[in-house]
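Fold the following.
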Amino acid sequence: MKNLTPDKTRPQHQRPGKNSLLRSALATLACSTLLGFFAPAAVAQSNGQPQMNLRRVDLTAGMYRIDTQLAITEQQREIGLMFRREMPQQEGMLFIFEVPGVQCFWMRNTVLPLTAAFVADDGTIVNLADMKPMTEDSHCSAKPVRYVLEMNQGWFAKRGIQAGSKLSGEPFRR
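Down below sits the predicted model:
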């Protein structure tokens, strides 16, 4: 899966005002268009193979342990979980961005049904989005976030983990 709207230019303290909503929408459209143009390069660099050797950390959600791959670089985030045919239930991928922003994801070249948890700096889940495989529907964070955790679809729901729940682990100890 791929991030559609990295927002590395807006300072953390700046919040969208009335006039910035239109600018934000136009920036999202422009970014989506540009990423659609440049996305084949990332897919070509992956050679249609899934990323299996990314650095891993353990996260916890209440009493549940999550074996988490870290997508830290732009290329790692662009490829995400594309081309994965299966993923163990306790495994996920955490996308880490340099600064908080409204993060939007799609499912191009991703065959697994996934749920994205959009996560604040302190590990609090802001919102969740179920995503259908092989689609380009945009799924966005409800507010600016630095982290997005993708898990097999239904993992959060089966464990009663929802918006407001908190994740713990190394990335959230900054």
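
which is the next helix or strand following the lowest-mean-pLDDT helix or strand in the chain?
Every helix and strand of the chain was ranked by mean pLDDT, DSSP states H and E. The lowest is helix 20-46, at a mean of 43. Per DSSP states H and E, helix 20-46 leads on to strand 56-61 as the next helix or strand towards the C-terminus.

Just checking: what are the partner strands of the next helix or strand along the chain from that following strand?
Downstream of strand 56-61, the next assigned helix or strand under DSSP H and E is strand 64-71. Paired with strand 64-71 in the same sheet, following DSSP bridges, are strand 56-61 (antiparallel), strand 91-101 (parallel).

most tightly surrounded among the ones you listed?
Ranked by mean neighbour count, the strands paired with strand 64-71 are led by strand 91-101 with a mean of 20 (mean count of other Cβ atoms under 10 Å). Any C-beta I mention is one placed from the backbone N, CA and C, and that applies to glycine too.

Closest to the centroid, which residue in this structure?
By Cα atoms, centre = their mean, the chain has its centre lying nearest to V148, at 3.5 Å.

helix or strand for it, which one?
strand 145-152.

which residues sit in contact with the closest residue to the residue nearest to the centre of the chain other than its chain neighbours?
With Cβ to Cβ, 6 or more residues apart in numbering as the criterion, V148 has its nearest non-adjacent residue at 4.3 Å, and that residue is F95. Shown in contact with F95 (Cβ atoms under 8 Å, 6 or more residues apart in numbering): 3, 71, 77, 80, 103, 105, 147-150.

Give me the buried entries from the residues you listed.
3, 71, 77, 80, 103, 105, 147-150 (16 or more other Cβ atoms under 10 Å).

which one of those residues sits closest to L54?
Nearest to L54 among these, counting by Cβ to Cβ, is A71 at 6.5 Å.

With mean pLDDT as added columns, please give the strands paired with strand 64-71 in CSV.
Listed next are the strands paired with strand 64-71 as CSV, based on pLDDT from 0 to 100:
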stretch, mean pLDDT
strand 56-61, 98
strand 91-101, 98
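
Looking at the ones you listed, spot the one closest to S168.
Across the strands paired with strand 64-71, S168 has its closest neighbour in strand 56-61 (4.8 Å, Cβ to Cβ).

Send me the closest one as CSV with only the CA atoms.
In CSV, the C-alpha atoms belonging to strand 56-61 read as follows (Å, rounded to 0.1, in the frame of the first residue of the first chain):
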residue,chain,number,x,y,z
ARG,A,56,11.2,-5.0,13.0
VAL,A,57,10.0,-3.9,16.4
ASP,A,58,7.4,-5.2,18.8
LEU,A,59,4.4,-3.0,19.5
THR,A,60,1.6,-3.7,22.0
ALA,A,61,-2.0,-2.9,21.9
